[in-house]
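Colleague: Have a look; sequence and predicted model below, questions after that.
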Number of protein chains: 2
Amino acid sequence: MDRKIHLDENEMPDRWYNILPDLPEPLPPPLDPETNEPVKPEKLGAIFPKELIRQEMSDERYIRIPEEVLEIYRLWRPTPLIRATRLERYLKTPAKIYYKYEGVSPPGSHKPNTAVAQAYYNAKEGVERLTTETGAGQWGSALAFAANLFDMDCRVYMVKASYYQKPYRRVLMELWNAEVIPSPSNLTESGRRVLENDPDSPGSLGIAISEAVEDAVKDDGTNYSLGSVLNHVMLHQTIIGLEVKRQLEIAEESPDVMVGCVGGGSNFAGLVYPFIKDDGVEFIAVEPESCPTLTRGEYRYDFGDIAGFTPLLKMYTLGKDFIPPPIHAGGLRYHGDAPTLSLLVKSGIVEARAVPQIDTFRAGKIFAETEGVVPAPESTHAIKVVIDEALKAKKTGEEKTIVFNLSGHGHFDLKAYQDFMEGKLA
Amino acid sequence: MDRKIHLDENEMPDRWYNILPDLPEPLPPPLDPETNEPVKPEKLGAIFPKELIRQEMSDERYIRIPEEVLEIYRLWRPTPLIRATRLERYLKTPAKIYYKYEGVSPPGSHKPNTAVAQAYYNAKEGVERLTTETGAGQWGSALAFAANLFDMDCRVYMVKASYYQKPYRRVLMELWNAEVIPSPSNLTESGRRVLENDPDSPGSLGIAISEAVEDAVKDDGTNYSLGSVLNHVMLHQTIIGLEVKRQLEIAEESPDVMVGCVGGGSNFAGLVYPFIKDDGVEFIAVEPESCPTLTRGEYRYDFGDIAGFTPLLKMYTLGKDFIPPPIHAGGLRYHGDAPTLSLLVKSGIVEARAVPQIDTFRAGKIFAETEGVVPAPESTHAIKVVIDEALKAKKTGEEKTIVFNLSGHGHFDLKAYQDFMEGKLA
């Protein structure tokens, strides 16, 4: 058996899996903060194209992937499922460890799976410009990449601290012709309000979302794109798990444990949702101890952004004003979580675990030493728990099959590894 | 037909191709500078293991790849051959453009193809520590990666200017447990001599080679590794072209033009040598105008390093003391070239072309915009000529098949793209 389980391009799934009809109970709808009633699709039309609103609320189990999107997916998909034989040997575990490697996409993460779909539907409905926010830069570079492929303009509000600390993520977006604005900016009312109170504000994801949404609302030919949390984003990411299903069939394996890191939930959902109705699989969502949304947040309605522009979503939340400490896994610093994932955690179908940053970098270095790939700091959260589970299997002698999502590479995060190796991480 | 032409792991070639018996005339041997006679294998034994010396002089056409090396190759090989359909469409060319993508290796370039083989043979012969030099950092990180996999120590003398300008390549080497020393250093006599004359010397590849060789000569359990130029390095890289042969067969194509960039020659040789006896193929080696070794150098015996520690090699050279201007394609800043490639250029079998830096970045940006992948500045040299050839085919209406080697990704080179986009390149 090959180490890397390959699918040909024509074996790539041609539909996404929608979890909405398979949830253990109906998903509490997003509420309009002005009326406290379920938000009307028309209202979402100010910032989203019709087809994405339809997908957001659809009860069809499978949704066809348009040929134009498949064609772009083929630039890097199907991605490999890889047996981490060298890591297994290093851990001396009887467990089999497989990882789905999403870092092979041009922007280096799973994010383009939805960015390409969102850009496509927007372009198809005549939208000429997209706005979004980005923290660490993975989502912003994915949308820049996607918008460029459909000849759309793209403006990314990048959390100011990252804008200056991660100049190369910014250059990558500019290389794909996006305009990158440090947030808070004076281009929006939301930004100006923050700057009045704190001219040196380092920014946050919540502020940047407010700026991007405001920009899209005020400009007619412009829509807004979100990289996680919403149902249609989770939907587009299921291409990951649908491929893994086929790849595990080829390997004649079935998973016992599936692991992914969680910020808003999209890479985790992408891997896990297509398996959610399977018997006997343990699903583990891993988050940072410093932003413990699923493990210590409250399950209630909350805003997705700081200014309160978004609908209210029923989710685990640390409160919209929560500002997490500046850990290196920027993609996991969000106060809320996807409503679908929140419901699965609430129902006990998905287990959540929080891990300390320093342990995740230890795990990341072991992975780089044994398997070669340098993982993104976000992905090292999954690796930490995979190693824990593999060592547990060693104790019990169980030949468990563990599958995790290596959501992205860490080529733009070597400063973080440097801090780790120099003992600068708390 | 799939865009990406895939080989399964069991279709990976299990032997390298040695061009020595197929050269148009015998290769002038390396000379011992003390005697001006062909260097004795024993003398090379001070810094190289026996098996690599044997390969350096072998007249066997094929050399078996050890299973231990194949096992590590399988971490990322076979690499894909990809039809650049979006680039073709952008250029409106009737030419078909294929690229072999070596950037999928953990260090991000073709360099580990030889680093792994060299580390393996050294480890097998009991060597415990390797030294080498690196400029831009691609070779250094490849050897760090390889040495770590065989539990060997590794010390990399990194050109001082790069050490400070490219801290993340250094961190990558350290993540794989190598020791990285800014060169010139005071750890060697060669380094100290340079520093006495110029305490602020930014270093050069020639100086760093001298330091690494001296270190290996003086330390008993230590050998030296070279990332290009020598015959055994070219040999190990032929896995690239041997895979491409199989992939083109699958695609039912035969190449009309093959293109690669050239610093010392190893990625070009890797792609092209297995095709060198094929009829009707044009081979184009692309180098920077600012370091025009093949197009403006002399074909004569010269040293490989500045201190004159290496044997004399018959090659195109700009003189061992030539210090090229600080262009971004650090891997192409070498005063000499592989003797085998030099002979092929001399014989008219391979054509050499020099291109200006700014054109290469223009080509790189077009590639990133159309195909997604951000190419290393070295690889953009090949892309520039591929675009030229595709546009020529458009004029003549010829359906040429162009194949090139995309030797590495540019994730660690975004500063260079930034300078380009900000108009800072000459």
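Modeller: Received the coordinates, thanks. Numbers count the residues shown, from 1 in each chain, chains lettered A, B, ... in the order given.
Colleague: ok, and for stretch A:408-421, which residues are buried?
Modeller: For stretch A:408-421, a neighbour-count test (16 or more other C-beta atoms under 10 Å in any protein chain shown) marks A:408-414, A:416-418, A:420 as buried. From N, CA and C alone the C-beta is placed, and that goes for glycine too.
Colleague: what does the stretch 151-300 of chain A have sitting close to chain B?
Modeller: Where the stretch 151-300 of chain A comes near chain B, counting by C-beta under 8 Å from any C-beta of the partner chain, the residues are A:167-168, A:171-172, A:174-177.
Colleague: please redo it, this time with the cut-off set to 10 Å
Modeller: Within the stretch 151-300 of chain A, the residues that sit near chain B (C-beta under 10 Å from any C-beta of the partner chain) are A:167-172, A:174-177.
Colleague: Now tabulate those in a markdown table and tack on pLDDT, neighbour count and secondary structure.
Modeller: Output for these, formatted as a markdown table (pLDDT from 0 to 100; neighbours: other C-beta atoms under 10 Å in any protein chain shown; DSSP: H, G, I helix; E, B strand; the rest coil):
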| residue | pLDDT | neighbour count | secondary structure |
| --- | --- | --- | --- |
| A:167 | 87 | 16 | helix |
| A:168 | 92 | 20 | helix |
| A:169 | 94 | 28 | helix |
| A:170 | 95 | 24 | helix |
| A:171 | 96 | 23 | helix |
| A:172 | 97 | 29 | helix |
| A:174 | 98 | 19 | helix |
| A:175 | 98 | 23 | helix |
| A:176 | 98 | 24 | coil |
| A:177 | 98 | 18 | coil |
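Colleague: any idea which helix is longest in chain A?
Modeller: Secondary structure of chain A per DSSP state H: the longest helix is helix A:377-396.
Colleague: Tell me the helix or strand right after that helix.
Modeller: Scanning forward in sequence from helix A:377-396 by DSSP states H and E, the next helix or strand is strand A:401-406.
Colleague: Please save the CA atoms from that following strand in CSV.
Modeller: The C-alpha coordinates for strand A:401-406 follow below in CSV (Å, rounded to 0.1, in the frame of the first residue of the first chain):
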residue,chain,number,x,y,z
THR,A,401,-7.1,4.3,13.2
ILE,A,402,-6.7,8.0,13.8
VAL,A,403,-7.4,10.5,11.0
PHE,A,404,-6.7,14.2,11.2
ASN,A,405,-6.8,17.2,9.0
LEU,A,406,-3.5,19.0,8.5
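Colleague: Tell me which other helices or strands that strand touches.
Modeller: strand A:96-101, helix A:239-250, strand A:257-261, helix A:266-272, strand A:282-288, helix A:377-396 (3 or more C-beta pairs under 10 Å, 6 or more residues apart in numbering or on different chains; DSSP states H and E).
Colleague: Using PDB, list the CA coordinates for the fifth one.
Modeller: Coordinates of the C-alpha atoms in strand A:282-288 are reproduced here as PDB (Å, rounded to 0.1, in the frame of the first residue of the first chain):
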ATOM      1  CA  GLU A 282     -14.900   9.600  18.100                       C
ATOM      2  CA  PHE A 283     -14.700  13.200  16.900                       C
ATOM      3  CA  ILE A 284     -12.400  15.500  18.700                       C
ATOM      4  CA  ALA A 285     -12.400  19.300  18.100                       C
ATOM      5  CA  VAL A 286      -9.200  20.900  19.500                       C
ATOM      6  CA  GLU A 287      -9.000  24.600  20.500                       C
ATOM      7  CA  PRO A 288      -6.300  26.700  22.200                       C
END
